[in-house]
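In: Have a look; sequence and predicted model below, questions after that.
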2 protein chains.
Amino acid sequence: MDKVMNGVDREALFATVEAVKADAEVAQFEFRLANKWVTGGENRSRIDDYFGARQEMRHAQAFELVNDEPPVLLSTDKGPNPVEYVLHALAGCLTTSLVYHAAARGIEVRGVATRFEGDLDLQGFLGIRDDVRRGFQSIRVVFDIDADADRATKDELIAMAEAHSPVFDIVSNGVPVVCRHGEPYMLQAAE
Amino acid sequence: MDKVMNGVDREALFATVEAVKADAEVAQFEFRLANKWVTGGENRSRIDDYFGARQEMRHAQAFELVNDEPPVLLSTDKGPNPVEYVLHALAGCLTTSLVYHAAARGIEVRGVATRFEGDLDLQGFLGIRDDVRRGFQSIRVVFDIDADADRATKDELIAMAEAHSPVFDIVSNGVPVVCRHGEPYMLQAAE
């Protein structure tokens, strides 16, 4: 058995599965983010710590991400806009899910390229029509998988990605989001 | 009337609303993204062109975004992971929706800081338990709004953000996502 396949350490992957089977608490993660508005459509997020595998964890470095809107959407185009970040999250998660689960099954993958398109009707955001949804009406994904596998196996890989990807689940099925006002300790933490 | 409020050109905003009311086609946007797997949990997206306001558009620059996973999730931590990007997209969209709709209503906002937390049970992604969902089980958002406004008005601002934000709609309610294999022209376009 190859120890590493598709860049994934399979021994570590199987060890993780065993650790979670022995203790479901190991599988409980909390991801976190702090965001600050700059001006207009520009705002910035900071991603640093998270909780997982029964402990406080920290990324190798703190990441800063920039949201903005292009001039046609009344801002200064300093970064992708939020709906484009949704496509990026979905792309990353489907690809990672495909590659990890292929590694677990012993299917070697040489390349994965994807294209994403999302349709948005701005009448929703602008509040012009209440019967037009605010978010994407649909998302289309095209996969190109380079592997020594027939079409049926590639279809299976895509189905495996859909079946396990957290962001595919979030974007397809929705998640309860609860918004509230903050207390002072939260404000400090957001600095 | 202030022409610019919260960094938003209100005249341009009202002109956009009128243009869309006169011709709904102006409001039809298609956002796009190409992603390539690198290795393990690392992959990169390119965001460049989109369609909107009846024409092909292009960002001021092409944006590249990096997805990765930390070592505890078996990769090299070169970037935030896909579920963290979901929080970033949601943060950006709620904040922008709040600030734009406040500007439209003539409510001046001096600052918006937010904190996001999302709960994920890895038993889903790992396929250990099929009764555990793959995505976030819940997302908590804490707002700190700096404005000359009482608590009721700030509550209204948050409700206005929830009511109009495309990503809040996507993440709360879900969107149909259709995945398929690509044709050669798509593969070239993804280069």
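Out: Ah, there it is.
In: For chain A, give me the ranges with low pLDDT.
Out: Within chain A, the ranges that satisfy pLDDT under 70 run A:183-191.
In: any chance you could map the helices in it?
Out: Here chain A has its helices, by DSSP state H, at A:10-22, A:82-105, A:122-125, A:151-164, A:166-173, A:184-189.
In: In TSV, list those helices along with mean neighbour count and distance to chain B.
Out: For every residue, glycine as well, the C-beta is placed using N, CA and C. Compiled in TSV, those are given as follows (neighbours: other CB atoms under 10 Å in any protein chain shown; distance: least, CB to the nearest CB, whole Å):
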stretch	mean neighbour count	distance to chain B
helix A:10-22	15	6
helix A:82-105	27	3
helix A:122-125	22	4
helix A:151-164	17	5
helix A:166-173	24	4
helix A:184-189	12	5
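In: For residue B:15, find the nearest of those helices.
Out: Nearest of the helices of chain A to residue B:15, taken as CB to CB: helix A:122-125 at 13.4 Å.
In: Go ahead and produce PDB holding the CA coordinates of the closest one.
Out: Extracted in PDB, the C-alpha atoms of helix A:122-125 (Å, rounded to 0.1, in the frame of the first residue of the first chain):
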ATOM      1  CA  LEU A 122     -29.700  41.700  -8.400                       C
ATOM      2  CA  GLN A 123     -33.500  42.500  -8.100                       C
ATOM      3  CA  GLY A 124     -33.300  40.400  -4.900                       C
ATOM      4  CA  PHE A 125     -30.400  42.200  -3.200                       C
END
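In: who's in contact with it?
Out: Helix A:122-125 is contacted by residues A:129, A:132-135, B:20, B:24, B:26-29, B:52, B:97, B:164-166, B:169 when judged by CB atoms under 8 Å, 6 or more residues apart in numbering or on different chains.
In: wait, which of the helices of chain A is closest to residue B:149?
Out: Nearest to residue B:149 among the helices of chain A is helix A:184-189; the distance by CB to CB comes to 16.3 Å.
In: Skipping adjacent residues, who's closest to residue A:90 in space?
Out: Of all residues not flanking residue A:90 in the chain, residue A:167 sits nearest, at 5.0 Å (CB to CB, 6 or more residues apart in numbering or on different chains).
In: ok, the one you found touching residue B:82?
Out: Yes: using CB atoms under 8 Å, residue A:167 is in contact with residue B:82, at 4.8 Å.
In: can you count the residues close to residue A:7?
Out: Here the count is done by other CB atoms under 10 Å in any protein chain shown, and residue A:7 has 18 residues near it.
In: Tell me how many other residues surround the residue nearest to residue A:121 when sequence neighbours are not counted.
Out: If the residues on either side of it in the chain are set aside, residue A:121 comes closest to residue A:132, at 5.0 Å by CB to CB, 6+ apart. Neighbour count of residue A:132, defined by other CB under 10 Å: 17.
In: okay if I get the helices of chain A as CSV plus distance to residue B:9?
Out: Output for these, formatted as CSV (distance: least, CB to CB, whole Å):
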stretch, distance to residue B:9
helix A:10-22, 50
helix A:82-105, 19
helix A:122-125, 16
helix A:151-164, 41
helix A:166-173, 31
helix A:184-189, 29
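In: what's the overlap in contacts for residue A:167 and residue B:82?
Out: In terms of CB under 8 Å, 6+ apart, residue A:167 and residue B:82 are both contacted by the residues A:89-90, A:92-93.
In: Pull the most distant pair out of these.
Out: Farthest apart among the shared contacts of residue A:167 and residue B:82 by CB to CB are A:90 and A:92. That separation is 7.4 Å.
In: joint contacts of the two?
Out: Common neighbours of residue A:90 and residue A:92, using CB under 8 Å, 6+ apart, are A:167, B:82.
In: Count the residues that sit near residue A:118.
Out: Here the number of neighbours of residue A:118 (other CB under 10 Å) works out to 27.
In: Distance of the closest residue to it other than its chain neighbours relative to residue A:19?
Out: Distances taken as CB to CB, 6+ apart place residue A:136 nearest to residue A:118, at 4.2 Å, with adjacent residues excluded. Relative to residue A:19, residue A:136 is positioned 37 Å away (CB to CB, to the nearest Å).
In: Please apply the same query to residue A:118.
Out: 37 Å.
In: Please list the residues outside stretch A:11-20 that contact it.
Out: Contacts for stretch A:11-20 (CB under 8 Å, 6+ apart): A:3, A:26-27, A:100, A:103-104, B:74, B:122-123, B:126, B:128.
In: Format those residues as CSV; extra columns: distance to residue B:146.
Out: As requested, these are arranged in CSV below (distance: CB to CB, whole Å):
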residue, distance to residue B:146
A:3, 53
A:26, 40
A:27, 38
A:100, 43
A:103, 48
A:104, 48
B:74, 41
B:122, 37
B:123, 40
B:126, 42
B:128, 45
